[in-house]
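**Q** here you go, sequence then predicted model.
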Amino acid sequence: MVGYRDIHPNASLVEVVFDRRLKPISVRVYFDDGLFFAENEALFLYGTGMSPDEAITDLGLHIIHFYQYYKNLDWSQITGDALRLKKLYEGLLLGE
């Protein structure tokens, strides 16, 4: 498992938004068709960029967006895989 803070020096962006430390998540970085991809399969998210750092930053922004989205949804508003994703996102921060 690799934590976002452990692999990207701009992780403070995540810390500023969350005001806490992100739990470690696995990130797969690969190059395909002229772009770098940073992917987390459990969250069904990926980021892209011209470098691994750009792809990881993009992934981090997607994680922030969907963390806020799922956090604001009431459990009664979601069904199917959204239930799993809400639970995953709610567990992303240390101490929660």
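**A** Structure received. Residues are numbered from 1 along each chain as shown.

**Q** residues near Leu43, how many?
**A** Residues near Leu43, counting by other CB atoms under 10 Å, number 20. Just so you know, the C-beta spots here come from the backbone N, C-alpha and C atoms, and that holds for glycine as well.

**Q** same question for Thr57.
**A** By the other CB under 10 Å criterion, the neighbourhood of Thr57 contains 20 residues.

**Q** report all helices and strands that the helix or strand where it lies contacts.
**A** For Thr57, the enclosing helix or strand under DSSP states H and E is helix 52-72. Of the remaining helices and strands, those touching helix 52-72 by 3 or more CB pairs under 8 Å, 6 or more residues apart in numbering; DSSP states H and E are helix 4-7, helix 12-18, strand 28-32, strand 35-40, strand 45-49, helix 81-90.

**Q** how about that helix: buried residues?
**A** If you call a residue buried by 16 or more other CB atoms under 10 Å, then helix 52-72 has these buried ones: 52-53, 55-60, 62-64, 66-67, 70.

**Q** how about a markdown table for the helices and strands packed on helix 52-72, with distance to Trp75 and mean pLDDT added?
**A** What follows is the helices and strands packed on helix 52-72, written out as a markdown table (distance: least, CB to CB, whole Å; pLDDT from 0 to 100):
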| stretch | distance to Trp75 | mean pLDDT |
| --- | --- | --- |
| helix 4-7 | 26 | 40 |
| helix 12-18 | 21 | 42 |
| strand 28-32 | 30 | 92 |
| strand 35-40 | 23 | 92 |
| strand 45-49 | 21 | 93 |
| helix 81-90 | 7 | 87 |
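
**Q** so how far is Tyr89 from the residue nearest the centre of the chain?
**A** Nearest to the mean C-alpha position of the chain, by CA atoms, centre = their mean, lies Ile63 at 3.1 Å. To Tyr89, Ile63 is 8 Å away according to CB to CB, to the nearest Å.
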